[in-house]
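Engineer: Here's my sequence, what's the structure:
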Amino acid sequence: MKPVCVLGNGQLGRMLRQAGEPLGISVFPVGLDAEPEAVPYQQSVITAEIERWPETPLTKELARHNAFINRDIFPRLADRFPQKSLFDSLNLSTAPWALLDSPDQWPELFATLGDFLIVKRRTGGYDGRGQWRVRPGDEKDLPTEIYGECIVEQGIPFDSEVSVIGARSQSGESVFYPITHNLHQDGILRTSVAFPDANPVQQQQAQSMLSAVMNELGYVGVMAMECFVVGDKLLINEIAPRVHNSGHWTQNGASISQFELHLRAILNLPMPAPEVFSPAVMVNLIGTEVNNDWLNLPLVHLHWYDKEVRPVRKVGHLNLTHTDCLKLKDSLDSLIPMLPNEYKSGIEWAKTKLDWYSRQ
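Structural biologist: Here you go, the predicted model:
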């Protein structure tokens with residue numbers, strides 16, 4: 001089995017390495033500043049846990065590597081301008097948008113896109129960073145250096161947020177996980193809930209849109225697509241050409257995790273559709289110290305990234321899964337006093353999703 005080098009050595013690379021171990025796949029997450037001679041990339045398949053990277057001796061060397069899967073796709077999707085242009089070219093629904101090149105555009109932007117706009121940096125912005133909410137009059141407070149570096153979108157009064165994670169093989173076949181329901185606070189994913197049986201119309205719509213993107217690009221591996229739900233319609237917010245935070249529940253809630261599925265795809269291994277047998281909840285741990293008391297709860301699976309704990313930094317996640325929604329809710333209730341108060345609203349939101357599912 002060929003080894004795999006992952007460009008980036010954060011938690012996603014770490015979890016790819018963990019997923020490779022049972023299959024006998026050696027996975028090497030490598031930092032961007034690593035010396036090329038220290039990285040076993042010559043005979044490896046190359047993937048990445050990030051969409052955008054600076055030019056370093058290592059990245060320059062990898063840019064010439066023919067086994068760098070999706071090598072030419074990453075820079076295209078790391079920039080919101082070509083990403084949104086791709087959606088438009090494929091007639092996929094997304095929030096109306098425009099390039100933001102000059103302060104002189106604001107009267108026309110408010111006239112055409114409405115009075116509530118979202119400004120997003122074309123590259124580098126994530127987890128709510130590099131984004132501004134703008135109403136008439138707010139534009140004068142924006143940093144002057146953003147012009148020419150951003151897009152602006154119509155603010156969407158969405159009903160909820162979902163994501164779908166799929167994977168495409170080298171032969172062009174795709175498999176998908178059920179839609180994940182997501183709660184963001186301050187632009188950061190706090191909680192995800194997934195069910196074995198997704199709304200079939202919504203699921204088919206999401207799969208069709210993500211398939212269109214993956215097929216157009218000739219993409220291989222796992223890709224995530226985040227969407228706004230507006231009535232019975234999905235609007236694409238953005239896509240990520242990699243394993244994704246909203247798919248972490250698959251580690252304990254699916255027969256094949258998103259990390260193993262990605263390795264299977266890029267190594268041309270069998271790639272059956274993952275089975276999901278029970279509801280699953282993922283709680284992101286953000287700027288929170290580890291608490292061994294979590295392990296007293298039998299449904300809790302702790303995934304700790306062993307990173308320095310800092311405010312708004314993702315340092316781990318908790319997965320819970322069970323066929324009985326009442327037992328899941330009981331475990332979530334038990335978690336509340338073990339976590340800082342800001343987690344309570346996300347856990348209560350997850351419980352309402354479980355109640356909804358129980359009534360179906």
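Engineer: any idea how far His303 is from the closest residue to Gly287 other than its chain neighbours?
Structural biologist: With Cβ to Cβ, 6 or more residues apart in numbering as the criterion, Gly287 has its nearest non-adjacent residue at 4.5 Å, and that residue is Pro311. In short, each C-beta sits where N, CA and C put it, glycine included. When Cβ to Cβ, to the nearest Å is applied, the distance between Pro311 and His303 equals 20 Å.
Engineer: Compare these two (neighbour count), which wins?
Structural biologist: Counted by other Cβ atoms under 10 Å, Pro311 and His303 do not tie: His303 has more neighbours, with 17 against 7.
Engineer: just checking, Leu328 touches Leu320?
Structural biologist: Yes. Leu328 sits in contact with Leu320 when judged by Cβ atoms under 8 Å, with a separation of 5.9 Å.
Engineer: quick check, Gly316 in a helix?
Structural biologist: No. Remark: Gly316 does not belong to a helix; assigned using DSSP: H, G, I helix; E, B strand; the rest coil, it is strand.
Engineer: ok, how many other residues are close to it?
Structural biologist: Burial measure for Gly316: 21 neighbouring residues, criterion other Cβ under 10 Å.
Engineer: hey, what's it bridged with?
Structural biologist: Gly316 has these beta-bridge partners by DSSP bridges: Leu285, Trp304.
Engineer: Look up how far Asn182 lies from it.
Structural biologist: Taking Cβ to Cβ as the measure, Gly316 and Asn182 are separated by 18 Å.
Engineer: Can you give me the neighbour number for Thr47?
Structural biologist: As a measure of burial, Thr47 has 31 neighbours, counting by other Cβ under 10 Å.
Engineer: show me what contacts it?
Structural biologist: With contact taken as Cβ atoms under 8 Å, 6 or more residues apart in numbering, Thr47 is in contact with Val4, Cys5, Val6, Leu7, Leu16, Phe68, Ile69, Asn70, Gly221, Arg242, His262, Ile266.
Engineer: Scan this structure for its longest helix.
Structural biologist: Taking residue count as the measure and DSSP state H as the definition, the longest helix of the chain comes out as helix 200-217.
Engineer: Between the two ends of stretch 217-234, how far is it?
Structural biologist: Looking at stretch 217-234, the gap from its leading to its trailing residue is 21 Å under the measure Cα to Cα, to the nearest Å.
Engineer: Could you do stretch 73-91 as well?
Structural biologist: In stretch 73-91, first residue to last residue: 19 Å (Cα to Cα).
Engineer: Can you give the domain ranges for the chain?
Structural biologist: 4-68, 96-154, 160-358 (the TED database).
Engineer: how much distance is there from the last one to the middle of the chain?
Structural biologist: It refers to domain 160-358. Relative to the mean C-alpha coordinate of its chain, domain 160-358 is positioned 9 Å out (Cα atoms, centre = their mean, to the nearest Å).
Engineer: With the second one instead?
Structural biologist: The chain centroid and the centroid of domain 96-154 are separated by 23 Å under Cα atoms, centre = their mean.
Engineer: Who are the packing partners of the helix or strand of the chain with the lowest mean pLDDT?
Structural biologist: Taking all helices and strands of the chain together, the one with the lowest average confidence (mean pLDDT, DSSP states H and E) is helix 57-62, at a mean of 86. Contact here means 3 or more Cβ pairs under 8 Å, 6 or more residues apart in numbering; DSSP states H and E; on that basis helix 57-62 packs against strand 4-7.
Engineer: Only C-alpha atoms, please: export the strand it packs on in PDB.
Structural biologist: Taking C-alpha atoms only, strand 4-7 is exported to PDB below (Å, rounded to 0.1, in the frame of the first residue of the first chain):
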ATOM      1  CA  VAL A   4       0.200   9.100   2.000                       C
ATOM      2  CA  CYS A   5       1.700  12.500   2.700                       C
ATOM      3  CA  VAL A   6      -0.800  15.100   4.000                       C
ATOM      4  CA  LEU A   7       0.200  18.700   3.400                       C
END
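Engineer: Tell me the strands beside that strand, with direction?
Structural biologist: strand 27-30 (parallel), strand 45-48 (parallel).
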